[in-house]
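*Asks:* Just a sequence and a predicted model for now, questions to come.
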Amino acid sequence: MDTSYPREDYLPTPPHKREPSPTVLAVGASPPPRDHLIWSIFNTIYMNFCCLGFVALAFSVKARDRKVAGDVEAARRFSSKARCYNALATAGSVVLPLLLAALLITGVIHLSKLAQESVGFFTYQFSGSGDEDQ
(Lines give C-alpha, C1' and ligand atoms only; values in the text may rest on other atoms or scores of the structure.)
Protein backbone atom coordinates (compact mmCIF):
# COMPACT_ATOMS: atom_id res chain seq x y z
CA MET A 1 0.00 0.00 0.00
CA ASP A 2 1.38 3.36 -1.08
CA THR A 3 1.04 6.00 1.63
CA SER A 4 3.00 8.79 0.01
CA TYR A 5 1.40 12.20 0.17
CA PRO A 6 0.09 13.81 -2.00
CA ARG A 7 -0.99 11.07 -4.25
CA GLU A 8 -0.79 12.00 -7.87
CA ASP A 9 -4.01 10.28 -8.84
CA TYR A 10 -5.89 12.19 -6.15
CA LEU A 11 -4.83 15.70 -7.13
CA PRO A 12 -7.85 17.87 -7.99
CA THR A 13 -8.28 18.67 -11.62
CA PRO A 14 -8.66 22.28 -12.68
CA PRO A 15 -12.25 23.38 -13.21
CA HIS A 16 -13.49 22.91 -16.73
CA LYS A 17 -14.24 25.97 -18.76
CA ARG A 18 -17.65 26.00 -20.26
CA GLU A 19 -17.35 25.89 -24.02
CA PRO A 20 -19.72 28.04 -26.08
CA SER A 21 -22.44 26.22 -27.94
CA PRO A 22 -21.76 25.20 -31.54
CA THR A 23 -24.33 27.67 -32.88
CA VAL A 24 -22.34 30.57 -31.43
CA LEU A 25 -19.12 29.24 -32.94
CA ALA A 26 -20.62 28.77 -36.40
CA VAL A 27 -19.71 31.39 -38.96
CA GLY A 28 -22.61 33.70 -39.72
CA ALA A 29 -24.76 32.46 -36.84
CA SER A 30 -26.98 35.09 -35.32
CA PRO A 31 -26.55 35.98 -31.65
CA PRO A 32 -29.12 34.64 -29.19
CA PRO A 33 -32.25 36.79 -28.88
CA ARG A 34 -32.49 39.41 -26.17
CA ASP A 35 -35.17 38.83 -23.56
CA HIS A 36 -35.74 42.52 -22.58
CA LEU A 37 -36.20 41.49 -18.94
CA ILE A 38 -34.88 44.70 -17.34
CA TRP A 39 -37.09 46.88 -19.56
CA SER A 40 -40.08 44.67 -18.69
CA ILE A 41 -39.40 44.93 -14.97
CA PHE A 42 -39.11 48.71 -15.27
CA ASN A 43 -42.41 48.91 -17.16
CA THR A 44 -44.12 46.60 -14.68
CA ILE A 45 -43.01 48.54 -11.61
CA TYR A 46 -43.02 52.15 -12.78
CA MET A 47 -45.13 52.50 -15.91
CA ASN A 48 -47.72 49.72 -15.93
CA PHE A 49 -50.05 51.28 -18.49
CA CYS A 50 -53.10 48.97 -18.96
CA CYS A 51 -51.03 46.06 -17.53
CA LEU A 52 -48.88 46.01 -20.66
CA GLY A 53 -45.75 45.98 -18.51
CA PHE A 54 -46.90 42.80 -16.79
CA VAL A 55 -47.67 41.13 -20.14
CA ALA A 56 -44.22 42.16 -21.40
CA LEU A 57 -42.66 40.70 -18.25
CA ALA A 58 -44.42 37.38 -18.84
CA PHE A 59 -43.14 37.20 -22.42
CA SER A 60 -39.63 38.21 -21.28
CA VAL A 61 -39.54 35.37 -18.78
CA LYS A 62 -40.80 32.96 -21.42
CA ALA A 63 -38.11 34.18 -23.83
CA ARG A 64 -35.41 33.68 -21.20
CA ASP A 65 -36.69 30.17 -20.38
CA ARG A 66 -36.76 29.18 -24.06
CA LYS A 67 -33.26 30.62 -24.57
CA VAL A 68 -31.90 28.63 -21.64
CA ALA A 69 -33.67 25.50 -22.89
CA GLY A 70 -32.03 25.95 -26.29
CA ASP A 71 -35.18 26.66 -28.32
CA VAL A 72 -33.85 29.73 -30.11
CA GLU A 73 -36.79 30.17 -32.50
CA ALA A 74 -39.40 30.22 -29.69
CA ALA A 75 -37.14 32.52 -27.69
CA ARG A 76 -36.99 34.87 -30.67
CA ARG A 77 -40.81 34.93 -30.98
CA PHE A 78 -41.33 35.60 -27.27
CA SER A 79 -38.58 38.23 -27.33
CA SER A 80 -40.29 40.01 -30.21
CA LYS A 81 -43.62 40.03 -28.36
CA ALA A 82 -41.96 41.30 -25.19
CA ARG A 83 -40.30 44.12 -27.14
CA CYS A 84 -43.64 45.12 -28.73
CA TYR A 85 -45.47 45.17 -25.40
CA ASN A 86 -42.63 47.08 -23.77
CA ALA A 87 -42.70 49.67 -26.54
CA LEU A 88 -46.48 50.03 -26.22
CA ALA A 89 -46.28 50.34 -22.44
CA THR A 90 -43.51 52.94 -22.63
CA ALA A 91 -45.23 54.93 -25.37
CA GLY A 92 -48.56 54.83 -23.55
CA SER A 93 -47.01 55.84 -20.28
CA VAL A 94 -45.16 58.76 -21.85
CA VAL A 95 -47.74 59.94 -24.41
CA LEU A 96 -50.84 59.70 -22.17
CA PRO A 97 -49.59 62.11 -19.46
CA LEU A 98 -48.37 64.52 -22.14
CA LEU A 99 -51.76 64.38 -23.84
CA LEU A 100 -53.58 64.97 -20.55
CA ALA A 101 -51.29 67.89 -19.71
CA ALA A 102 -51.93 69.43 -23.15
CA LEU A 103 -55.69 69.04 -22.70
CA LEU A 104 -55.51 70.59 -19.24
CA ILE A 105 -53.49 73.57 -20.47
CA THR A 106 -55.78 74.22 -23.44
CA GLY A 107 -58.82 73.91 -21.16
CA VAL A 108 -57.41 76.45 -18.72
CA ILE A 109 -56.59 78.85 -21.55
CA HIS A 110 -60.10 78.48 -23.00
CA LEU A 111 -61.73 79.02 -19.60
CA SER A 112 -59.63 82.11 -18.91
CA LYS A 113 -60.66 83.66 -22.25
CA LEU A 114 -64.29 82.80 -21.55
CA ALA A 115 -64.06 84.39 -18.11
CA GLN A 116 -62.57 87.59 -19.56
CA GLU A 117 -65.37 87.81 -22.12
CA SER A 118 -68.06 87.28 -19.51
CA VAL A 119 -66.55 89.96 -17.26
CA GLY A 120 -66.81 92.39 -20.18
CA PHE A 121 -70.43 91.33 -20.75
CA PHE A 122 -71.47 91.82 -17.13
CA THR A 123 -69.76 95.20 -16.77
CA TYR A 124 -71.63 96.39 -19.87
CA GLN A 125 -74.99 95.28 -18.48
CA PHE A 126 -74.60 96.82 -15.04
CA SER A 127 -72.97 100.06 -16.00
CA GLY A 128 -75.49 101.27 -18.54
CA SER A 129 -75.97 104.92 -19.51
CA GLY A 130 -78.87 105.46 -17.12
CA ASP A 131 -81.46 106.14 -19.85
CA GLU A 132 -83.48 103.11 -18.84
CA ASP A 133 -83.92 104.36 -15.25
CA GLN A 134 -85.73 107.54 -16.29
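*Replies:* Received it, and whenever you're ready, just let me know what you need.
*Asks:* Neighbours of Phe49, how many?
*Replies:* 17 (other CB atoms under 10 Å). C-beta here means a position set from N, CA and C on the backbone, and glycine is covered the same way.
*Asks:* Skipping adjacent residues, who's closest to it in space?
*Replies:* Leaving out its chain neighbours, the residue that sits closest to Phe49 by CB to CB, 6 or more residues apart in numbering is Gly92, at 3.9 Å.
*Asks:* Does anything pack onto the helix or strand in which the one you found is found? Which helices or strands?
*Replies:* In the assignment (DSSP states H and E), Gly92 maps to helix 72-126. For helix 72-126, the elements it packs on are helix 37-45, helix 52-69, judged by 3 or more CB pairs under 8 Å, 6 or more residues apart in numbering; DSSP states H and E.
*Asks:* Okay, now the unreliable bits of the chain?
*Replies:* Within the chain, the segments meeting pLDDT under 70 span 1-28, 124-134.
*Asks:* Now do stretch 78-86: everything it contacts.
*Replies:* 33-36, 39-40, 43, 52-53, 55-57, 59-60, 62-63, 66 (CB atoms under 8 Å, 6 or more residues apart in numbering).
*Asks:* and with 6 Å instead?
*Replies:* Applying CB atoms under 6 Å, 6 or more residues apart in numbering, the contact partners of stretch 78-86 are 33-36, 39-40, 43, 52, 55-56, 59-60, 62-63, 66.
*Asks:* Next, the buried residues of it.
*Replies:* For stretch 78-86, a neighbour-count test (16 or more other CB atoms under 10 Å) marks 78-79, 81-83, 85-86 as buried.
*Asks:* can you put those in CSV and add distance to Ile109?
*Replies:* CSV is the format used below for the buried residues of stretch 78-86 (distance: CB to CB, whole Å):
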residue, distance to Ile109
Phe78, 46
Ser79, 45
Lys81, 42
Ala82, 41
Arg83, 39
Tyr85, 36
Asn86, 35
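*Asks:* coming back round to it: deepest-packed of the helices and strands packed on helix 72-126, please.
*Replies:* With neighbours taken as mean count of other CB atoms under 10 Å, the helices and strands packed on helix 72-126 reach their highest mean count in helix 52-69, at a mean of 20.
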